[in-house]
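>>> Could you look at this predicted model? Sequence included:
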Amino acid sequence: MTVQVTPDSIAETEPLDVIIVGAGPCGLAVAVAVKECGLSHAILDRGCITESLTRYPSYMTFFSTAERLEIGGVPFTIPEPKPTRRDALAYYRHVVAHHGIGVRQYEEVTGIEREKNGFTVHTRARDGREDCLASRAVVVATGGFGEPNRLGFEGEDRHRRVIHYYREPFPFFDQDVLVVGGGNSAVEAALELYRNGVRVRMVHFADVLDRGVKPWVRPDIENRIESGEIPMHWGSRVARLGTESATIVEESTGAETEVANDWVLAMTGWRPDAALLTGLGVETDPDTGIPAHDPETMETTAPGVYIAGVIAAGFNANRIFIENGREHGALIAAHLAHGRR
């Protein structure tokens, strides 16, 4: 009897050249680059394609120009110089279709084991089905939305009204919202809430706004704070939440202020999830959160394990964004292709 060998059956018996974990813009850039080098690959994400962008505010406009967000040689053509969130979501899906990248969406990587000649990657789909894939190398491109920076008060996790990302103001109309933070995300959320019928106040651990606040936004928020339209609690933190209240403590004096509260928007940033890298023996700087790696190849101290995108920035997510993280794909692909020769 003759047995026909199909591409699928080959994939089941032969290790892939590389498995990419994370289908954000930088993960997609890796997939395009390795495909162009003729390397066999798979790319998986526990959410949808560019899941992190879906968490951005609905009406957000990028600070970067469209050209600086391009990947895979596909032009990002829009009428305006700076794309909106909606533009970016459509563009990256066009890149996937243009290059024929088969993203395995809603399939979480639950663990990676090192084998003699590579790795076994364990996955779980949305319906609970489990699978395992073999590869010679892995790329972790899981971005910076692994774990939110917690506010740190007792019982924080019990309160469902503490939210760590913001999309739009409408669910908060005619309610009391506390915005925690002093960066762009906090400032822009507070202003939009204020202009859409929300009673909003801010809490920031420092005594000034962050230096990175956009220059055209800074005068607006400063005027709202000075006028008292958006009350600001400088040098303060959230101490605890009551049934319909929040207690704010001023760190220098210990003085407490209780305010009416329905929601807390913790715009305090996120940090990458380093669990996969730690499990593979990759060392991470405890102060910066940056995984030890060679910036020329993006290979970590664990041979065959690479990183791409924001995860390479550690705790300072602003250090790497799409416009520089997109370059990691070419570095990784070149190193992998050289190793195959």
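Received it, and whenever you're ready, just let me know what you need. Residues are numbered from 1 along each chain as shown.

>>> mind giving me the domain split of the protein?
7-147+270-340, 150-266 (automatic domain parsing).

>>> tell me the most buried of those domains?
By mean neighbour count, with neighbours taken as mean count of other CB atoms under 10 Å, domain 7-147+270-340 ranks first of the domains of the chain at a mean of 18. The way it works is simple: take the backbone N, C-alpha and C, and place the C-beta from them, glycine included.

>>> Now mean pLDDT too, for the domains of the chain, in TSV please.
Formatted as TSV, the domains of the chain follow (pLDDT from 0 to 100):
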stretch	mean pLDDT
domain 7-147+270-340	92
domain 150-266	94
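
>>> quick one: the helices in the stretch 1-150 of the chain?
7-13, 25-36, 51-54, 85-99 (DSSP state H, counting those that start in this stretch).

>>> Report the distance from the shortest one to the chain centre.
Think helix 51-54. Centroid displacement of helix 51-54 relative to its chain, using CA atoms, centre = their mean, to the nearest Å, is 7 Å.

>>> Could you do stretch 278-295 as well?
With CA atoms, centre = their mean, you get 18 Å for stretch 278-295.

>>> Likewise for stretch 245-264?
29 Å.

>>> Now it - C-alpha only, PDB.
The C-alpha trace of stretch 245-264 is given here as PDB (Å, rounded to 0.1, in the frame of the first residue of the first chain):
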ATOM      1  CA  SER A 245     -15.800  55.600  48.200                       C
ATOM      2  CA  ALA A 246     -12.000  55.700  47.800                       C
ATOM      3  CA  THR A 247      -9.500  56.800  50.400                       C
ATOM      4  CA  ILE A 248      -6.500  58.700  49.100                       C
ATOM      5  CA  VAL A 249      -3.400  59.100  51.300                       C
ATOM      6  CA  GLU A 250      -0.800  61.900  50.900                       C
ATOM      7  CA  GLU A 251       2.500  60.100  51.300                       C
ATOM      8  CA  SER A 252       4.500  63.000  52.800                       C
ATOM      9  CA  THR A 253       2.000  63.700  55.700                       C
ATOM     10  CA  GLY A 254      -0.100  60.600  55.900                       C
ATOM     11  CA  ALA A 255      -3.200  62.700  55.600                       C
ATOM     12  CA  GLU A 256      -6.200  60.800  54.200                       C
ATOM     13  CA  THR A 257      -9.000  62.100  52.000                       C
ATOM     14  CA  GLU A 258     -12.200  60.100  51.400                       C
ATOM     15  CA  VAL A 259     -13.900  60.800  48.000                       C
ATOM     16  CA  ALA A 260     -17.000  59.400  46.300                       C
ATOM     17  CA  ASN A 261     -16.000  56.700  43.800                       C
ATOM     18  CA  ASP A 262     -17.600  54.300  41.400                       C
ATOM     19  CA  TRP A 263     -14.500  53.300  39.300                       C
ATOM     20  CA  VAL A 264     -10.700  53.400  39.500                       C
END
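
>>> Fine by me, thanks again.
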